[in-house]
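Q: need a structure here:
(one chain, ligands or ions: 1)
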Amino acid sequence: MLLEVRSLDVQLGGLPILHDISLHVDSGEIVSVLGANGVGKTTLMRTLSGLYRPSRGEILFNDQPIQGRSAHAIVQAGLAQAPEGRQIFADMTVDENLVLGGIQQPAKVASTRTAMLDMFPVLRERRNQKAGTLSGGEQQMLCIARALMSHPRLLLLDEPSLGLAPQLVKRIFALVRDIRETGTTVLLVEQNARAALSISDRAYVMEHGKIVLQGSGAELADNERVREAYLGGSAA
Ligand SMILES: Nc1ncnc2c1ncn2[C@@H]1O[C@H](COP(=O)(O)OP(=O)(O)OP(=O)(O)O)[C@@H](O)[C@H]1O
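A: Predicted structure coming up:
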C-alpha cells in the first residue's frame, strides 16, 4: 500500500467535516473519491497534503505516519497535489510556475521541465506566456505539470475536470492515464463520476463527510445508487 488512511476525523472551525474515513491506494493504481459539492472531498485532499490536521486517525504514506507533518515535508516524502481551482501563479510565466513546482529538487529542475514540456506540448508553445492568460484547460495542465515537477510517487488531483468543456475533460483524463503509465500513482477527487470511473481501478463514494460505498471502477459504474445519484439515471 502506498497510502493508507485509517479512521480519519477532521474538524474545521469547530465543525465536524470528515468522519471515520478509511481508504487506501496501492502503488500503480488510479483511485477516485466521488461525491457531490460540499461533501468534504477538498477537505480530505488538504488533510492528506498536511494543510489541515486531523482530530483522529492516521495517514500512512509508504508505511510512515505523515499526519502532523508540514506540507513541505509531505511533498518531500513524495506526495504532491494539483489543487482545486488550479492555484497557479497568474502573474508568472508558464516556465516560472514549473520551476517553482520543482523548487525542492533544484538539480532536477531542468530535465523535469523538459519532460513536462514534452508531455504537455501546449505548455511548450506557451512557456513564456503569463499563466493567468492561459485557457482553463491549459491552466489545468500547468497545475498538473507543476505538481509533477516534484517527482511525486502519489499525485493528488482535486477536481481536474472542473469548468472544462467535454472534449477537454476527455483530454485531461487521458493525461491522467498517461501519468500513471509513467509510474505515478493517482488519487483523484471528482464530481464528474462518469469520467472518473472510466479511468479508475477503484473508487470510493463520499456523502456527508463519510465513505458510503467502495468498489472497482466497473462495479461502481454498475451500482444502482451510483447510477441514480451520479450518472444521471438507472441501468434500465
Ligand atoms: N475552513 C473551513 N472552515 C469551516 N468549514 C469549512 C472550511 N472549509 C470547508 N468547510 C466546510 O466543509 C464542508 C466540506 O467542504 P469541501 O470543500 O471539503 O467539500 P467538497 O466536497 O470539496 O466540495 P466542492 O466540490 O464544492 O469543493 C463544506 O460544508 C464547507 O463549507
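
Q: Can I get the longest helix anywhere in the chain in CSV? Just the C-alpha atoms.
A: Assignment by DSSP state H gives helix 166-181 as the longest helix of the chain. Taking C-alpha atoms only, helix 166-181 is exported to CSV below (Å, rounded to 0.1, in the frame of the first residue of the first chain):
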residue,chain,number,x,y,z
PRO,A,166,-16.4,17.8,-22.5
GLN,A,167,-13.5,17.5,-25.1
LEU,A,168,-11.0,18.9,-22.6
VAL,A,169,-12.3,16.7,-19.8
LYS,A,170,-11.5,13.7,-22.1
ARG,A,171,-8.1,15.1,-22.8
ILE,A,172,-7.3,15.6,-19.1
PHE,A,173,-8.5,12.1,-18.1
ALA,A,174,-6.4,10.6,-21.0
LEU,A,175,-3.4,12.5,-19.5
VAL,A,176,-4.1,11.1,-16.0
ARG,A,177,-3.8,7.6,-17.6
ASP,A,178,-0.5,8.6,-19.2
ILE,A,179,0.7,9.9,-15.9
ARG,A,180,0.0,6.5,-14.3
GLU,A,181,1.9,4.8,-17.2
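
Q: and it, what other elements does it pack with?
A: Here helix 166-181 touches strand 30-34, helix 136-148, strand 185-190, helix 193-199, going by 3 or more CB pairs under 8 Å, 6 or more residues apart in numbering; DSSP states H and E. Bear in mind the C-beta positions are built from the backbone N, C-alpha and C, glycine included.

Q: I'd like to know the average pLDDT value across that helix.
A: For helix 166-181, mean pLDDT rounds to 92.

Q: mind checking the SS state of the spatially closest residue to residue 103 that is not a sequence neighbour?
A: Distances taken as CB to CB, 6 or more residues apart in numbering place residue 109 nearest to residue 103, at 7.8 Å, with adjacent residues excluded. Three-state call for residue 109 (DSSP: H, G, I helix; E, B strand; the rest coil): helix.

Q: what's in contact with stretch 33-45?
A: Outside of stretch 33-45, the residues within contact range by CB atoms under 8 Å, 6 or more residues apart in numbering are 8, 10, 12, 17-18, 21, 23, 52, 81, 83-84, 156, 158-159, 187-191, 193, 196-197, 203-209, 220, 226, 229-230.

Q: Can you tell me which of those residues end up in helices?
A: Those of the contacts of stretch 33-45 lying in helices (DSSP H): 193, 196, 197, 220, 226, 229, 230.

Q: list the contacts for residue 97?
A: Contacts of residue 97 by CB under 8 Å, 6+ apart are 88, 89, 131, 142, 146.

Q: What residues does the first one make contact with?
A: This points to residue 88. Neighbouring residues of residue 88 by CB under 8 Å, 6+ apart: 97, 131, 132, 134, 139, 142, 143, 146.

Q: what about it, which SS state?
A: Three-state call for residue 88 (three-state DSSP): coil.

Q: So that it lines up with my notes, have the first residue be 12 from now on.
A: Sure thing, new numbering starts at 12, so read that last one as residue 99.

Q: With adjacent residues omitted, what lies nearest to it?
A: Leaving aside its sequence neighbours, residue 99 sits nearest to residue 142 (CB to CB, 6+ apart; 4.6 Å).

Q: Tell me how many other residues crowd the one you found.
A: Using other CB atoms under 10 Å, residue 142 has 24 other residues around it.

Q: my guess is it meets residue 106, correct?
A: No: contact criterion CB atoms under 8 Å: residue 142 and residue 106 do not qualify, at 9.5 Å.
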